[in-house]
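Novice: build me a model from this:
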Amino acid sequence: MEREIDLKQISDGRLYSANDMVKAGCSDCAGCSLCCQGMGKSIILDPYDMFRLERGLLVSFEELMRDKIELNVVDGIIQPNLKMQKKDCCGFLDEKGRCSIHEFRPGFCRMFPLGRIYEEGDFKYFLQIHECPYPVKTKVKLKKWLGIPGLLSYEAYIWDWHYFLKDVQELIRETKSDEVVRSINLYLLDRFYVRVYERAAEAEDEADFYGQFYERLKEAKEKMAFYR
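Specialist: Take a look at the predicted model:
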(Lines give C-alpha, C1' and ligand atoms only; values in the text may rest on other atoms or scores of the structure.)
Protein backbone atom coordinates (compact mmCIF):
# COMPACT_ATOMS: atom_id res chain seq x y z
CA MET A 1 0.00 0.00 0.00
CA GLU A 2 1.41 3.37 -1.05
CA ARG A 3 1.48 5.87 1.82
CA GLU A 4 2.89 9.35 2.18
CA ILE A 5 4.49 9.40 5.63
CA ASP A 6 6.64 11.72 7.71
CA LEU A 7 9.00 9.46 9.67
CA LYS A 8 9.79 12.27 12.09
CA GLN A 9 6.19 12.24 13.29
CA ILE A 10 5.55 8.49 13.55
CA SER A 11 8.93 6.87 14.29
CA ASP A 12 11.96 7.13 16.56
CA GLY A 13 13.89 8.58 13.64
CA ARG A 14 15.95 5.46 12.95
CA LEU A 15 15.98 2.95 10.11
CA TYR A 16 16.69 -0.67 10.99
CA SER A 17 18.03 -3.82 9.35
CA ALA A 18 17.36 -7.41 10.35
CA ASN A 19 20.38 -7.70 12.68
CA ASP A 20 19.66 -4.48 14.58
CA MET A 21 18.16 -4.31 18.06
CA VAL A 22 14.80 -2.52 18.21
CA LYS A 23 12.70 -1.49 21.21
CA ALA A 24 9.58 -3.47 20.31
CA GLY A 25 9.40 -6.29 22.91
CA CYS A 26 6.05 -6.36 24.72
CA SER A 27 6.21 -9.48 26.95
CA ASP A 28 4.28 -11.56 24.42
CA CYS A 29 1.55 -8.89 24.40
CA ALA A 30 0.62 -9.84 28.01
CA GLY A 31 -2.96 -10.61 26.98
CA CYS A 32 -3.42 -7.45 24.91
CA SER A 33 -4.93 -7.74 21.43
CA LEU A 34 -5.44 -4.08 20.52
CA CYS A 35 -3.33 -4.44 17.39
CA CYS A 36 -5.81 -7.11 16.18
CA GLN A 37 -8.80 -4.78 16.45
CA GLY A 38 -10.11 -1.98 14.29
CA MET A 39 -7.60 -2.56 11.50
CA GLY A 40 -10.17 -2.18 8.75
CA LYS A 41 -8.79 -3.40 5.43
CA SER A 42 -5.18 -2.55 6.20
CA ILE A 43 -3.77 -6.05 6.80
CA ILE A 44 -3.03 -6.78 3.16
CA LEU A 45 -1.89 -10.31 2.36
CA ASP A 46 0.93 -11.05 -0.06
CA PRO A 47 1.28 -14.44 -1.81
CA TYR A 48 3.59 -15.83 0.90
CA ASP A 49 1.05 -14.90 3.57
CA MET A 50 -1.64 -16.77 1.68
CA PHE A 51 0.65 -19.75 1.12
CA ARG A 52 1.36 -20.07 4.85
CA LEU A 53 -2.27 -19.58 5.87
CA GLU A 54 -3.40 -22.32 3.50
CA ARG A 55 -0.66 -24.69 4.67
CA GLY A 56 -1.14 -23.90 8.34
CA LEU A 57 -4.94 -24.19 8.33
CA LEU A 58 -5.19 -26.88 5.63
CA VAL A 59 -7.71 -24.78 3.72
CA SER A 60 -8.00 -23.30 0.25
CA PHE A 61 -8.18 -19.69 -0.89
CA GLU A 62 -11.90 -20.19 -1.57
CA GLU A 63 -12.49 -21.46 1.96
CA LEU A 64 -10.69 -18.47 3.48
CA MET A 65 -12.86 -16.19 1.35
CA ARG A 66 -15.97 -17.47 3.11
CA ASP A 67 -15.37 -15.46 6.26
CA LYS A 68 -11.67 -14.80 7.05
CA ILE A 69 -10.42 -12.71 4.14
CA GLU A 70 -11.89 -10.33 1.56
CA LEU A 71 -10.80 -8.63 -1.66
CA ASN A 72 -10.24 -4.92 -2.12
CA VAL A 73 -8.56 -2.64 -4.63
CA VAL A 74 -5.23 -1.38 -3.33
CA ASP A 75 -3.52 1.25 -5.50
CA GLY A 76 -5.39 -0.08 -8.52
CA ILE A 77 -4.67 -3.79 -7.88
CA ILE A 78 -7.09 -6.31 -6.37
CA GLN A 79 -5.49 -7.85 -3.27
CA PRO A 80 -6.80 -9.86 -0.30
CA ASN A 81 -6.79 -8.63 3.28
CA LEU A 82 -7.77 -10.06 6.65
CA LYS A 83 -11.43 -9.39 7.33
CA MET A 84 -12.45 -7.74 10.59
CA GLN A 85 -15.43 -9.50 12.15
CA LYS A 86 -17.62 -9.15 15.22
CA LYS A 87 -16.64 -6.28 17.52
CA ASP A 88 -14.29 -5.16 14.70
CA CYS A 89 -11.72 -7.82 15.60
CA CYS A 90 -9.60 -10.13 13.48
CA GLY A 91 -11.44 -13.36 12.74
CA PHE A 92 -8.44 -15.37 13.92
CA LEU A 93 -8.60 -14.18 17.54
CA ASP A 94 -9.71 -16.96 19.90
CA GLU A 95 -12.12 -16.61 22.82
CA LYS A 96 -9.29 -15.39 25.06
CA GLY A 97 -8.29 -12.68 22.61
CA ARG A 98 -5.16 -14.51 21.50
CA CYS A 99 -3.98 -15.14 17.93
CA SER A 100 -4.95 -18.63 16.81
CA ILE A 101 -2.59 -18.51 13.81
CA HIS A 102 0.44 -17.04 15.56
CA GLU A 103 2.87 -19.58 14.09
CA PHE A 104 1.92 -18.65 10.52
CA ARG A 105 0.49 -15.15 10.97
CA PRO A 106 0.87 -12.68 8.06
CA GLY A 107 3.98 -10.57 7.58
CA PHE A 108 2.11 -7.37 8.45
CA CYS A 109 1.29 -8.84 11.88
CA ARG A 110 4.84 -10.10 12.39
CA MET A 111 6.30 -6.64 11.78
CA PHE A 112 3.94 -4.69 14.04
CA PRO A 113 4.70 -2.09 15.39
CA LEU A 114 7.38 -1.89 12.72
CA GLY A 115 6.85 -0.77 9.15
CA ARG A 116 8.93 -0.86 5.96
CA ILE A 117 10.15 2.04 3.87
CA TYR A 118 11.38 1.47 0.32
CA GLU A 119 14.12 3.65 -1.10
CA GLU A 120 16.96 3.37 -3.60
CA GLY A 121 15.94 -0.11 -4.68
CA ASP A 122 16.00 -1.47 -1.13
CA PHE A 123 13.98 -1.27 2.04
CA LYS A 124 14.55 -0.67 5.74
CA TYR A 125 12.37 -1.13 8.79
CA PHE A 126 11.18 1.68 11.04
CA LEU A 127 9.55 1.64 14.47
CA GLN A 128 6.09 3.20 14.71
CA ILE A 129 6.16 4.75 18.18
CA HIS A 130 2.44 5.58 18.50
CA GLU A 131 0.95 2.23 17.43
CA CYS A 132 1.48 -0.15 20.39
CA PRO A 133 0.32 1.10 23.83
CA TYR A 134 2.39 -1.40 25.84
CA PRO A 135 4.18 0.89 28.35
CA VAL A 136 7.65 -0.59 28.91
CA LYS A 137 9.05 -2.18 25.78
CA THR A 138 12.32 -4.10 25.70
CA LYS A 139 14.96 -4.38 23.01
CA VAL A 140 14.89 -7.42 20.75
CA LYS A 141 16.84 -8.35 17.62
CA LEU A 142 14.66 -7.47 14.67
CA LYS A 143 15.04 -10.81 12.86
CA LYS A 144 14.02 -12.63 16.04
CA TRP A 145 10.99 -10.36 16.34
CA LEU A 146 9.95 -11.22 12.79
CA GLY A 147 10.51 -14.94 13.30
CA ILE A 148 10.43 -15.69 9.58
CA PRO A 149 12.25 -18.81 8.28
CA GLY A 150 14.92 -18.04 5.69
CA LEU A 151 14.74 -14.29 6.27
CA LEU A 152 17.21 -13.36 3.53
CA SER A 153 15.13 -15.20 0.93
CA TYR A 154 11.96 -13.67 2.34
CA GLU A 155 13.32 -10.12 2.18
CA ALA A 156 14.46 -10.64 -1.41
CA TYR A 157 10.98 -11.90 -2.23
CA ILE A 158 9.35 -8.90 -0.52
CA TRP A 159 11.54 -6.54 -2.56
CA ASP A 160 10.70 -8.32 -5.82
CA TRP A 161 6.96 -8.44 -5.08
CA HIS A 162 6.84 -4.77 -4.07
CA TYR A 163 8.56 -3.50 -7.21
CA PHE A 164 6.58 -5.84 -9.44
CA LEU A 165 3.37 -4.36 -8.01
CA LYS A 166 4.72 -0.85 -8.58
CA ASP A 167 5.32 -1.70 -12.24
CA VAL A 168 1.79 -3.09 -12.54
CA GLN A 169 0.36 0.03 -10.89
CA GLU A 170 2.13 2.16 -13.47
CA LEU A 171 0.77 -0.04 -16.26
CA ILE A 172 -2.76 0.30 -14.88
CA ARG A 173 -2.42 4.10 -14.65
CA GLU A 174 -1.37 4.18 -18.31
CA THR A 175 -4.15 1.86 -19.47
CA LYS A 176 -7.32 3.50 -20.80
CA SER A 177 -9.38 0.32 -21.03
CA ASP A 178 -11.39 -0.84 -18.01
CA GLU A 179 -11.58 -4.28 -19.59
CA VAL A 180 -7.79 -4.53 -19.75
CA VAL A 181 -7.48 -3.44 -16.11
CA ARG A 182 -10.03 -6.10 -15.14
CA SER A 183 -8.16 -8.72 -17.15
CA ILE A 184 -4.85 -7.82 -15.48
CA ASN A 185 -6.38 -8.01 -12.02
CA LEU A 186 -8.10 -11.35 -12.57
CA TYR A 187 -4.90 -12.80 -14.00
CA LEU A 188 -2.77 -11.67 -11.04
CA LEU A 189 -5.33 -12.80 -8.48
CA ASP A 190 -5.50 -16.26 -10.00
CA ARG A 191 -1.79 -16.58 -10.69
CA PHE A 192 -0.48 -15.52 -7.28
CA TYR A 193 -3.31 -16.26 -4.83
CA VAL A 194 -5.98 -18.66 -6.05
CA ARG A 195 -3.80 -21.22 -7.78
CA VAL A 196 -2.40 -23.68 -5.25
CA TYR A 197 1.36 -23.91 -4.69
CA GLU A 198 2.19 -27.59 -5.07
CA ARG A 199 4.06 -29.34 -2.30
CA ALA A 200 7.18 -31.34 -3.12
CA ALA A 201 7.69 -34.53 -1.12
CA GLU A 202 11.12 -33.71 0.35
CA ALA A 203 11.26 -29.90 0.17
CA GLU A 204 10.86 -27.39 2.97
CA ASP A 205 7.74 -25.24 2.75
CA GLU A 206 9.71 -22.10 1.91
CA ALA A 207 11.60 -23.87 -0.90
CA ASP A 208 8.24 -25.00 -2.26
CA PHE A 209 6.98 -21.45 -2.28
CA TYR A 210 9.91 -19.41 -3.58
CA GLY A 211 10.67 -21.68 -6.52
CA GLN A 212 7.08 -21.65 -7.71
CA PHE A 213 6.61 -17.95 -6.97
CA TYR A 214 9.53 -16.95 -9.16
CA GLU A 215 8.28 -19.13 -11.99
CA ARG A 216 4.94 -17.36 -11.76
CA LEU A 217 6.59 -13.95 -11.46
CA LYS A 218 8.60 -14.54 -14.66
CA GLU A 219 5.45 -15.54 -16.52
CA ALA A 220 3.52 -12.57 -15.08
CA LYS A 221 6.19 -10.08 -16.19
CA GLU A 222 5.99 -11.48 -19.71
CA LYS A 223 2.21 -11.19 -19.57
CA MET A 224 2.37 -7.56 -18.37
CA ALA A 225 4.76 -6.75 -21.23
CA PHE A 226 2.05 -7.96 -23.61
CA TYR A 227 -0.32 -5.24 -22.33
CA ARG A 228 2.15 -2.39 -22.88
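
Novice: can you list the domains in this structure?
Specialist: Residue ranges for each domain of the chain read 7-146, 151-227, as given by automatic domain parsing.

Novice: turn these into CSV, columns for mean neighbour count and mean pLDDT.
Specialist: For every residue, glycine as well, the C-beta is placed using N, CA and C. Converted to CSV, the domains of the chain look like this (neighbours: other CB atoms under 10 Å; pLDDT from 0 to 100):
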stretch, mean neighbour count, mean pLDDT
domain 7-146, 15, 89
domain 151-227, 14, 91
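
Novice: helices or strands up against the stretch of helix or strand residue 219 belongs to?
Specialist: Under the assignment given by DSSP states H and E, the secondary-structure element containing residue 219 is helix 205-227. Using 3 or more CB pairs under 8 Å, 6 or more residues apart in numbering; DSSP states H and E as the contact definition, the elements that helix 205-227 packs against are helix 47-57, helix 151-174, helix 178-189.

Novice: centre of the chain to it, how far?
Specialist: With CA atoms, centre = their mean, to the nearest Å as the basis, the distance from the averaged C-alpha position of helix 205-227 to the chain average is 17 Å.

Novice: just stretch 91-100 next, same as before
Specialist: Centre to centre, stretch against its chain (CA atoms, centre = their mean), the figure for stretch 91-100 is 19 Å.

Novice: that stretch: end-to-end distance?
Specialist: Stretch 91-100 has its terminal residues 9 Å apart, counting by CA to CA, to the nearest Å.

Novice: again with stretch 13-23
Specialist: First-to-last residue span, stretch 13-23, CA to CA: 13 Å.

Novice: what lies in contact with it?
Specialist: Applying CB atoms under 8 Å, 6 or more residues apart in numbering, the set of residues contacting stretch 13-23 from outside is 7, 12, 114, 117, 124-127, 137-143, 145-146, 151, 155.

Novice: out of the residues you listed, which are inside helices?
Specialist: Secondary structure from DSSP state H places 7, 142, 143, 145, 146, 151, 155 of the contacts of stretch 13-23 in helices.

Novice: and the residues you listed, which two are furthest apart?
Specialist: Checking the ones in helices among the contacts of stretch 13-23 against each other with CB to CB, the farthest-apart pair comes out as 7 and 151, at 23.0 Å.

Novice: ok, back up a step: and the helices and strands packed on helix 205-227: which comes nearest residue 24?
Specialist: Distances from residue 24 to each of the helices and strands packed on helix 205-227 were compared using CB to CB; the minimum, 15.9 Å, belongs to helix 151-174.

Novice: I'd like to know which elements that closest one is packed against.
Specialist: helix 47-57, strand 77-82, strand 122-127, helix 178-189, helix 205-227.

Novice: swap in 7 Å and give it another go.
Specialist: Under the contact criterion of 3 or more CB pairs under 7 Å, 6 or more residues apart in numbering; DSSP states H and E, the helices and strands touching helix 151-174 comprise strand 77-82, helix 178-189, helix 205-227.

Novice: chain center to the first one: distance?
Specialist: A distance of 10 Å separates the C-alpha centroid of strand 77-82 from that of its chain, computed with CA atoms, centre = their mean.
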